[in-house]
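# coordinates for the following, if possible.
(one chain, ligands or ions: 1)
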Amino acid sequence: MTRQFAVLVVGGGPVGVVTALACAQRGFRVTLLEAEDKVDASPRAATTHPSTLEIIAGLGLFQRFVAEGLVARHFQFWDRVTRTLICEFDHDVLRDETPYPFVVQTEQHKLANLGIEELRGHTDCAVHFSTRVTNLEQDADGVQVFAQGPDGPRKFGAHWVVGADGGRSTVRKLLGIEFEGYTWPERFIVLTTTDDFQRVLGCCYRSYFADPVEWTNLFKVTGDDYKGRWRAVFPTRADETDEEALSDTAVRARMGRVLPSAENFAVVHRNLYKVHQRVAANFRKGRVFLAGDAAHVNNPIGGLGLNCGIHDALELAETLRAVALEGVDAGLLDRYEHRRRPLNIQYVQEQTIANKKRLEERDPHARVARFAELRAIAADPERHKQFLMRTSLIESVRKVH
Ligand SMILES: Cc1cc2nc3c(=O)[nH]c(=O)nc-3n(C[C@H](O)[C@H](O)[C@H](O)COP(=O)(O)OP(=O)(O)OC[C@H]3O[C@@H](n4cnc5c(N)ncnc54)[C@H](O)[C@@H]3O)c2cc1C
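Residues are numbered from 1 along each chain as shown. Modelled structure (predicted):
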């Protein structure tokens, strides 16, 4: 029997795929349109927090997701200047709050690919790559979506559309929605190496290094060959050109400032990102919604952007199910924006801005005070847990229910 209601998702990134799968599992016909010919595999999100692991488990993907990545129970703050550990946090203190008291480091393209594989097993669900959405028209009954496909222009129809087409969202622009906020003057550079920071430095899989001149974050992921990769994230100087930042000299110098012996680390990828703190003025216009980076972008320190996007995806799928399939009043559709927008501002924008400030603090007294505060939080079991409730977004989820 054909499913009655149709959802069309624009963007085959992790948020679009999770939205599409969650809608398919709830009984919608689903069409997923992705502009590129495959899922983007550039090194971006990997850190997946407990609250998001609960969602991934609900989608039936948890075992495969963990098998593709690394379990990271701890994270650490370091002083890069003296190369000393400031303190360590342990997610295990959340064991009474979540079945998943740890972070999983799985690259975001693996989640998107797992989700697409699962989606293809559902009836009435289609995934179209190389299909770029160019226009939308909506009326009281549905939305017409116009796209440029591999064989020319195409038109799709749906009852609801979700724009999960990333920070430069075409859907958001077509809806005329402002992307309020700002762009940082520096960019972030991600250097990927096959060498092992844990072996040479003794740091754990998620380690944040404060430095008034140039902070660094180190993360381990498995890589596509499962042999293990470390990603080192640094800010560029505001006046540094892309070419300069990506040059061998600058790359070697940056690695060398983390650890002198790292100068000779084999850098297998170098990627530059513009970094923003922006939130869409609205997350919905009529039958069209925004989710993930299309709705909000932030600096990646703390690993919150995609996590929040996946939370959007679930809330949206649940809201559409209630209205379309359970006959709840359509007024419920307003709740999505009324909840998700303030939660993003309070938990993601505020935390990521604070995380950046903490790592780049220049005032020597304030630096010492920040380190002392972190040590005090880590040493106090109650504060340690409260800190992790917030950083893992469990607090934001609880606020909703
Ligand atoms: C260096 C770095 C590290 C990060 N680390 C973390 C982390 O550890 N944890 C975390 O939570 N977040 C992290 N983030 C943020 C995370 O990468 C993003 O939040 C995430 O990619 C958002 O997913 P998305 O699906 O909303 O958008 P995207 O991943 O940008 O996907 C959007 C998709 O839409 C497609 N598209 C665009 N326009 C169209 C169109 N017109 N028609 C059809 N398709 C279209 C694009 O091709 C793309 O595939 C990090 C970001 C960076 C830069």
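
# let me know the next secondary structure element after the helix or strand containing residue 308.
Using DSSP states H and E, residue 308 sits in helix 305-320. Counting by DSSP H and E, the element after helix 305-320 in chain order, helix or strand, is helix 333-343.

# what angle do the helix or strand that that next one is followed by and helix 305-320 make?
Next helix or strand after helix 333-343 toward the C-terminus (DSSP H and E): helix 350-360. Helix 350-360 runs at 180 degrees relative to helix 305-320, counting by axes from the mean of the first three to the mean of the last three Cα atoms, to 10 degrees.

# circling back: list the helices and strands the helix holding residue 308 packs on?
helix 14-25, strand 47-48, helix 50-58, strand 296-297, helix 333-343, helix 394-400 (3 or more Cβ pairs under 8 Å, 6 or more residues apart in numbering; DSSP states H and E). The C-beta positions use only the backbone N, C-alpha and C, and glycine is treated the same way.

# in TSV, list the ones you listed along with distance to residue 211 and mean neighbour count.
As requested, the helices and strands packed on helix 305-320 are exported to TSV (distance: least, Cβ to Cβ, whole Å; neighbours: other Cβ atoms under 10 Å):
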stretch	distance to residue 211	mean neighbour count
helix 14-25	30	29
strand 47-48	21	26
helix 50-58	29	21
strand 296-297	25	29
helix 333-343	31	18
helix 394-400	29	16
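
# any chance of CSV for the ones you listed, columns mean pLDDT and distance to the ligand?
Formatted as CSV, the helices and strands packed on helix 305-320 follow (pLDDT from 0 to 100; distance: least, Cβ to the nearest ligand atom, whole Å):
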stretch, mean pLDDT, distance to the ligand
helix 14-25, 98, 3
strand 47-48, 98, 3
helix 50-58, 98, 8
strand 296-297, 98, 7
helix 333-343, 96, 13
helix 394-400, 90, 13
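
# so which of those gets nearest residue 369?
For residue 369, the closest of the helices and strands packed on helix 305-320 is helix 394-400, at 24.3 Å, according to Cβ to Cβ.

# which residues sit against that closest one?
49-51, 94, 97-98, 308, 311, 315, 339, 343, 346-347, 388-390 (Cβ atoms under 8 Å, 6 or more residues apart in numbering).

# how many neighbouring residues does the nearest residue to residue 298 once chain neighbours are set aside have?
Setting aside the residues directly before and after it, residue 298 is nearest to residue 352 in space (Cβ to Cβ, 6 or more residues apart in numbering), at 4.3 Å. Using other Cβ atoms under 10 Å, residue 352 is surrounded by 22 other residues.

# quick check: residue 352 vs the ligand, distance?
Taking Cβ to the nearest ligand atom, to the nearest Å as the measure, residue 352 falls 9 Å from the ligand.

# if we can go back for a sec, restrict the helix holding residue 308 to CA atoms and write it as PDB.
What follows is helix 305-320, C-alpha atoms only, in PDB (Å, rounded to 0.1, in the frame of the first residue of the first chain):
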ATOM      1  CA  GLY A 305      26.700  21.600  15.600                       C
ATOM      2  CA  LEU A 306      25.900  18.300  14.000                       C
ATOM      3  CA  ASN A 307      24.600  16.900  17.300                       C
ATOM      4  CA  CYS A 308      22.100  19.700  17.500                       C
ATOM      5  CA  GLY A 309      21.200  19.200  13.900                       C
ATOM      6  CA  ILE A 310      20.400  15.500  14.500                       C
ATOM      7  CA  HIS A 311      18.200  16.600  17.500                       C
ATOM      8  CA  ASP A 312      16.400  18.900  15.000                       C
ATOM      9  CA  ALA A 313      15.900  16.000  12.600                       C
ATOM     10  CA  LEU A 314      14.200  13.900  15.300                       C
ATOM     11  CA  GLU A 315      12.000  16.600  16.600                       C
ATOM     12  CA  LEU A 316      10.900  17.500  13.100                       C
ATOM     13  CA  ALA A 317      10.100  13.800  12.200                       C
ATOM     14  CA  GLU A 318       8.100  13.400  15.400                       C
ATOM     15  CA  THR A 319       6.200  16.700  14.800                       C
ATOM     16  CA  LEU A 320       5.300  15.800  11.300                       C
END
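
# buried residues, that helix. List them.
Within helix 305-320, the residues scored as buried using 16 or more other Cβ atoms under 10 Å are 305-317, 319-320.
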